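A.B. asks: With the sequence up front, the predicted model follows.
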Amino acid sequence: MLFLLRLVSAFAVASLAATAQGWTTPYLLKLGSVAAGLLAAVAVTLMWTTRTRPSGKIRASVNPLRELLLGAFTGAAWTAGMLLYFTLVLGTPGVPGMIVDFGRKHTDLAIAQLEQDGNWLAASKVIVDTLGSTHTPEWTLELAERAVIDLTRAAASMRTEQARDLLEQAVAIASKYGIPGDLPRLALARLAEHASTGSLQKQYDATQAQLDAEVSKRLALAQHTAKLRLTLATALSQIARQGDLPPIRTILAREIGAAEQLSVSAVDARTVLRGLDQAIESMRPRNLPHGATTRIIRIHPGPMPGILLVDVEVKAATGETIEGLVDKDFSARQSGVVLTLRARPQNHSGSLFLTVLVDTSISTEGEPIRAARSAVAELIRRLPTQAHLRVAAFSDQVRLLADWTNQRSQAIEACGRLQAEGGTAIFLAIEQAIAALASMPGERIIAVFSDGANSLPGPSKEALIDAAKRHSIAVHFVALKVSHYDTSAIQTIAAQTGGQTLVVNHASELTASFQQMADKLTARGYRLAILDYDEVHPTEVRIGNENAVQVMIPPQR
C-alpha cells in the first residue's frame with residue numbers, strides 16, 4: 001500500500017511536469033516515448049527495491065508523508081532526465097529526424113521513383129498516407145508541398161469528376177499546412193469553366209440540329225422555325241458570356257430580325273440583346289492613359305504543362321504604376337488563338353524573403369570586394385522595410401552575417417566587414433540558402449554576387465535547380481566577368497528557376513546592377529497565370545483597350 005502511494009505521487013509529479021513543459025504534443029510524444037518508457041522503468045525499479053520492508057515480526061516505522069515526498073522526488077528525477085534528453089536530442093542537428101522520420105530515406109526514394117515514372121497519382125497517395133503519421137515539421141511541410149504538386153499533376157490526366165476530387169484534396173492540404181494553393185485553385189476554376197461551356201454548347205448544338213431539320217419543311221412551318229430561332233438566340237447569348245462577344249451579338253441581332261420578319265414577337269429576344277450589349281460593355285478592357293508602358297518583370301518556370309506564370313509591370317507616362325487592373329484588362333494569344341488568363345496584383349514588399357550571398361574568395365581582393373560592399377548595401381537600402389533579409393558570405397565556407405531581419409542597418413553593417421580569402425563555394429552557399437528559405441511564406445528570392453565559378457565540392461547544378469523549383473525559389477546572379485569566369489552554370493540555374501543573370505565587366509558597374517535587381521524585386525505589378533499555354537510558340541499579351549500596350553513573351557523551350 002505504501003509503495004502504491006509512492007508510485008502515485010511519482011506519476012502525478014511526472015504528469016504535471018510533462019504537461020507544463022509541453023511534451024504532450026504528438027511530435028514530442030513520438031520523439032520521447034522510448035526514452036520516457038526507459039526512464040519510467042528505471043524509476044519504478046528503484047522505488048520497488050527501496051520500498052519499506054518488515055524487520056522480524058515488527059514492520060519498520062513508516063511515514064506516509066515520507067513516501068509521498070520520495071515519490072515526488074522520483075517524479076522530479078524522471079522529469080530532469082527527460083529534460084536532459086530533449087535538450088540533447090533537439091539541440092543535435094539531424095537527430096530528431098532520425099528518430100521521428102524513421103524510414104524517410106526509403107519513403108523519399110519510393111516517391112521520387114513514382115514521380116520520375118510519371119505516376120503522380122500513386123506518388124500523391126504515398127505522400128498523403130505518410131502525412132497521416134507524425135513527423136518533423138520540416139519533413140511534414142515538404143511532404144505537404146509535394147502532395148499539392150503531385151495531386152495537381154495527377155488531375156491533369158483524369159476525367160472531370162476524378163480531377164475535381166484530386167484538386168479539392170490538394171486545396172484542403174494547402175489550407176491545412178499553410179502553403180500556397182494557387183495551382184489547384186486555378187485548375188478547379190478551369191474545370192468549372194469547361195463544364196459550363198460544354199453544357200451550353202450541347203444546348204446550342206441540339207437547337208441548331210432541330211432548326212436545320214425544320215428549315216427543310218414547307219413554308220407553313222415558318223413561324224415554328226422562327227420560334228426555334230429565338231431559342232437559338234437565347235442559347236447564343238449564354239455562350240457569348242464565355243466567348244468573343246461582338247460576333248455573337250451580330251448573330252443574335254440577325255436572328256431577331258429574321259423572327260420579326262415572320263411576325264413572331266421578339267420582345268424577350270430584344271431584352272436579351274440589351275443585356276448582351278451591357279455585358280459586352282462591362283467586359284471591355286479598361287482604357288489606359290496616353291503614354292502607358294509595360295515590361296516583363298519575371299517569367300516563372302511552368303509548375304505543370306500548359307501553365308505559365310509571368311510578372312508584368314504597367315506604368316503611366318508619369319512613372320506611376322497603373323493599379324486596379326483585373327482579368328478582363330489582359331488578353332493572351334498564341335498564333336491568333338485566345339488563351340485563358342488570370343491576373344492578380346503582385347506587390348512583393350510585405351511577403352518578400354531575400355537571401356543575399358556575397359563572394360569573398362581571394363579573387364575579389366581589392367576593388368571587387370570594396371565595390372561589392374557598396375553595391376550590396378545599396379540593394380539593402382532599396383528594399384521595403386517590411387521585407388525579410390538574410391545575408392551570408394562564402395569563400396571556402398559559408399558564413400552567416402545577418403539572419404532573417406528587417407533591420408536594414410544591421411545587415412549593411414555586417415557587409416562592411418567583408419574580407420577576401422579562400423576559394424569559391426558558391427553551390428554550397430546556394431544549397432544552404434535554399435534550405436533557409438524553403439519553409440518561408442511569400443516570395444522567396446536568392447541574390448548572388450560572384451566573380452568566379454564554383455571551385456569546391458558541393459551539390460550539383462541539377463540538384464540545386466530541382467530543389468529551388470520544388471520550393472518556388474528564384475535565384476538571381478550579378479557576375480563580375482573576369483577572364484577565367486565561365487558563367488554558363490549560373491545562367492542555367494537562373495533561367496531554370498525564374499531568376500536573372502546580370503554580367504558586368506568592371507567592379508564600378510556592380511552598384512548599378514544591384515540597383516536594377518532591387519527595382520525588379522520590389523516592382524509593383526501583376527502576376528499573370530496563362531492556361532492552355534504552348535511553350536514552343538511566342539505569346540502576345542495585350543493590356544487595355546484604348547492606348548493599349550502589349551508585350552511579347554518568347555518561347556520557353
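C.D. replies: Looks like it arrived, so ask away.
A.B. asks: correct me, but residue 492 touches residue 461?
C.D. replies: Yes - the pair residue 492 and residue 461 passes the contact test of Cβ atoms under 8 Å, sitting 6.5 Å apart. No exception for glycine: its C-beta is placed from N, CA and C like everyone else's.
A.B. asks: Now for residue 438: which residues touch it?
C.D. replies: The contact partners of residue 438, taken as Cβ atoms under 8 Å, 6 or more residues apart in numbering, are 138, 141-142, 444, 467, 471, 473.
A.B. asks: And for residue 189?
C.D. replies: By Cβ under 8 Å, 6+ apart, residue 189 lies in contact with residue 342.
A.B. asks: Over to it. Which of the three states is it?
C.D. replies: With DSSP: H, G, I helix; E, B strand; the rest coil as the basis, residue 189 sits in helix.
A.B. asks: now residue 299
C.D. replies: strand.
A.B. asks: Contacts only, for it.
C.D. replies: 308-311, 498, 553, 556.
A.B. asks: try 10 Å this time
C.D. replies: Applying Cβ atoms under 10 Å, 6 or more residues apart in numbering to residue 299 gives the contacts 308-312, 495, 498, 500, 553-554, 556.
A.B. asks: which of the contacts of residue 438 lies closest to residue 84?
C.D. replies: Of all these, residue 84 sits closest to residue 138, with 23.8 Å by Cβ to Cβ.
A.B. asks: Name the SS class of the residue nearest to that closest one when sequence neighbours are not counted, please.
C.D. replies: Using Cβ to Cβ, 6 or more residues apart in numbering and skipping residues adjacent in sequence, the residue nearest residue 138 is residue 439, 6.9 Å away. At residue 439 the chain is in coil, as set by three-state DSSP.
A.B. asks: right, and residue 439 touches residue 473 too?
C.D. replies: No - under the criterion of Cβ atoms under 10 Å, residue 439 is not in contact with residue 473, lying 11.4 Å apart.
A.B. asks: Quick check on the two: which one has the bigger neighbour count.
C.D. replies: Between residue 439 and residue 473, counting by other Cβ atoms under 10 Å, residue 473 is the more crowded of the two (24 against 16).
A.B. asks: quick one: least confident helix or strand in the chain?
C.D. replies: Using mean pLDDT, DSSP states H and E, the weakest-scoring helix or strand in the chain turns out to be strand 58-59, at a mean of 43.
A.B. asks: Can you pull out the low-pLDDT segments for the stretch 151-300 of the chain?
C.D. replies: 183, 187, 191-245, 247, 262-264 (pLDDT under 70).
A.B. asks: the strands in it, which residues?
C.D. replies: Taking DSSP state E, counting those that start in this stretch as the test, the strands found in the stretch 151-300 of the chain are 293-300.
A.B. asks: Look up the residues that both of residue 439 and residue 473 are in contact with.
C.D. replies: residue 353.
A.B. asks: any idea what sits nearest the residue nearest the centre of the chain, other than its immediate chain neighbours?
C.D. replies: The centroid of the chain falls nearest to residue 180 when counting by Cα atoms, centre = their mean (4.5 Å). Once flanking residues are discounted, residue 180 sits nearest to residue 174: 6.6 Å by Cβ to Cβ, 6+ apart.
A.B. asks: next one: residue 293
C.D. replies: residue 315 (5.4 Å).
A.B. asks: Just give me the closest of the contacts of residue 438 to residue 94.
C.D. replies: Among the contacts of residue 438, residue 138 lies closest to residue 94 (Cβ to Cβ), at 10.9 Å.
A.B. asks: Make sure residue 396 is indeed in a strand.
C.D. replies: No - read with three-state DSSP, residue 396 is coil and lies in no strand.
A.B. asks: Can you tell me the closest non-neighbouring residue to it?
C.D. replies: In space, residue 396 is closest to residue 422, 3.7 Å off (Cβ to Cβ, 6+ apart).
A.B. asks: Which of the helices or strands spans that neighbour?
C.D. replies: Applying DSSP states H and E as the criterion places residue 422 outside every helix and strand.
A.B. asks: That one and residue 360 touch, don't they?
C.D. replies: Yes - the pair formed by residue 422 and residue 360 meets the contact definition of Cβ under 10 Å, at 7.6 Å.
A.B. asks: Overlap in contacts, these two.
C.D. replies: Shared contacts of residue 422 and residue 360, defined by Cβ under 10 Å, 6+ apart, comprise 394-396.
A.B. asks: Which strand residues bridge the residue nearest to residue 293?
C.D. replies: residue 293, residue 321 (DSSP bridges).
A.B. asks: give the contact list for residue 527.
C.D. replies: By Cβ under 10 Å, 6+ apart, the contact list for residue 527 reads 182, 297-298, 300, 309-312, 342-346.
A.B. asks: and those, which are buried?
C.D. replies: For those, a burial check counting by 16 or more other Cβ atoms under 10 Å picks out 182, 297-298, 300, 309-312, 342-343, 346.
A.B. asks: Next up, the contacts around the residue nearest to residue 396.
C.D. replies: Residue 422 makes contacts with 360-363, 394-397, 455-456, as judged by Cβ under 10 Å, 6+ apart.
A.B. asks: residues contacting residue 318?
C.D. replies: Residue 318 is in contact with 289, 291, counting by Cβ under 10 Å, 6+ apart.
A.B. asks: From the buried ones among the contacts of residue 527, pick the one nearest residue 402.
C.D. replies: Closest to residue 402, out of all of the buried ones among the contacts of residue 527 and judged by Cβ to Cβ, is residue 298, at 25.0 Å.
A.B. asks: Quick check: closest non-adjacent residue to the closest one.
C.D. replies: Residue 298's closest residue in space is residue 311 (Cβ to Cβ, 6+ apart), at 4.5 Å.
A.B. asks: ok, the one you found touching residue 530?
C.D. replies: No - look at residue 311 against residue 530 with Cβ under 10 Å: they stay out of range, at 12.0 Å.
A.B. asks: ok, back up a step: pipe the contacts of residue 527 into a markdown table and attach distance to residue 31 per row.
C.D. replies: Formatted as a markdown table, the contacts of residue 527 follow (distance: Cβ to Cβ, whole Å):
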| residue | distance to residue 31 |
| --- | --- |
| 182 | 34 |
| 297 | 44 |
| 298 | 41 |
| 300 | 37 |
| 309 | 39 |
| 310 | 44 |
| 311 | 42 |
| 312 | 47 |
| 342 | 43 |
| 343 | 45 |
| 344 | 41 |
| 345 | 43 |
| 346 | 40 |
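A.B. asks: Surely the residue nearest to the centre of the chain and residue 440 touch.
C.D. replies: No - with contact defined as Cβ under 10 Å, residue 180 does not reach residue 440; the gap is 11.6 Å.
A.B. asks: Find the residues that touch each one of these two.
C.D. replies: With contacts defined as Cβ under 10 Å, 6+ apart, no residue is shared by residue 180 and residue 440.
A.B. asks: Not counting sequence-adjacent ones, nearest residue to residue 547?
C.D. replies: residue 288 (4.4 Å).
A.B. asks: Sorry, wrong one. I was asking about residue 354.
C.D. replies: Among residues not flanking residue 354 along the chain, residue 445 sits closest, at 4.8 Å (Cβ to Cβ, 6+ apart).
A.B. asks: Same check on residue 182?
C.D. replies: residue 529 (7.4 Å).
A.B. asks: What of residue 90?
C.D. replies: Nearest non-adjacent residue to residue 90, counting by Cβ to Cβ, 6+ apart: residue 96, 6.2 Å away.
A.B. asks: Would you agree residue 15 is in contact with residue 36?
C.D. replies: No - with contact defined as Cβ under 10 Å, residue 15 does not reach residue 36; the gap is 11.2 Å.
A.B. asks: the more surrounded of the two?
C.D. replies: Taking neighbours as other Cβ under 10 Å, residue 15 and residue 36 compare with residue 36 leading, 19 against 13.
A.B. asks: Can you check the pLDDT for the more buried one?
C.D. replies: Note on residue 36: pLDDT of 80.
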